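>>> coords below, sequence missing:
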């Protein structure tokens, strides 16, 4: 009986150690926070507003790979990861994807308070959270990789280390599966 208890405790400790390593940003893997999607499901048709009131639709970005990132100014993990996300995939000519930062359940005033004088171009508003609901977002942040033809390729649940080699490699493999 004592040996069985010790063996069970040892097995539990090994499983906990394995799961901890898989979730660790230093482990070189993304762990359970990423869902590979089969690329057959079409991204929901969504319409947003830029903070200045201009309309914008996800369909306007067809022909480009898009990283749709749902966040909120009141979400601490979102606030921590946004600088790295913008630095890695923000609007510039050599960016491998188009970044769309969807402010979920935030109004224009909240977004402007969060960003200050200059709200980055990829920020759009989803004040009622309708876009997030259509994507099935239940926690923030939540990020989806959309193919140029509008299909869902991957879902990044929770905060990510967007500057890490592991995330960049996963994005590259999702965008170019034959490499």
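Great, that's in hand. All figures in this text were calculated on a predicted structure; none of them were measured in a lab.
>>> For the residue sitting nearest the centre point of the chain, which non-adjacent residue is closest in space?
Centroid-nearest residue in the chain, with Cα atoms, centre = their mean: residue 143, separated by 2.2 Å. Counting by Cβ to Cβ, 6 or more residues apart in numbering, residue 143 lies nearest to residue 156, which is 4.1 Å off, once chain neighbours are set aside. Using the backbone N, CA and C atoms, a C-beta is placed for each residue, glycine as well.
>>> Give me the average confidence score over the helix or strand where that neighbour lies.
Assigned by DSSP states H and E, residue 156 belongs to strand 152-157. On average, the pLDDT along strand 152-157 is 92.
>>> now do stretch 33-44
For stretch 33-44, the per-residue pLDDT averages 79.
>>> circling back: tell me what the residue nearest to residue 143 is bridged to.
Legend: beta-bridge partners of residue 156 under DSSP bridges are residue 34, residue 143.
>>> on that earlier part again, got the contact list for the strand holding residue 156?
Residues external to strand 152-157 that are found in contact with it (Cβ atoms under 8 Å, 6 or more residues apart in numbering): 30, 33-37, 39, 41-43, 139, 142-147, 167, 170-171, 174-175.
>>> May I see the PyMOL selection of the buried members of the residues you listed?
Here is the PyMOL selection string for the buried members of the contacts of strand 152-157, based on 16 or more other Cβ atoms under 10 Å:
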select buried, resi 30+33+34+37+39+43+142+143+144+145+146+147+167+170+171+174+175
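>>> Okay, and which of the contacts of strand 152-157 map to helices?
Per DSSP state H, helices hold the following members of the contacts of strand 152-157: 167, 170-171, 174-175.
>>> I'd like those residues laid out as CSV, including distance to residue 91 and pLDDT.
CSV is the format used below for the ones in helices among the contacts of strand 152-157 (distance: Cβ to Cβ, whole Å; pLDDT from 0 to 100):
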residue, distance to residue 91, pLDDT
167, 19, 86
170, 22, 85
171, 17, 83
174, 20, 80
175, 18, 78
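>>> is it possible to export those residues to CSV including distance to residue 86?
Converted to CSV, the ones in helices among the contacts of strand 152-157 look like this (distance: Cβ to Cβ, whole Å):
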residue, distance to residue 86
167, 14
170, 19
171, 15
174, 20
175, 19
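>>> which one among those residues gets closest to residue 67?
Closest approach between the ones in helices among the contacts of strand 152-157 and residue 67, by Cβ to Cβ: residue 171, at 7.8 Å.
>>> Which pLDDT value belongs to the nearest residue to the closest one once chain neighbours are set aside?
For residue 171, ignoring the flanking residues on the chain, the nearest one in space by Cβ to Cβ, 6+ apart is residue 145 at 6.6 Å. If you check residue 145, the pLDDT there is 93.
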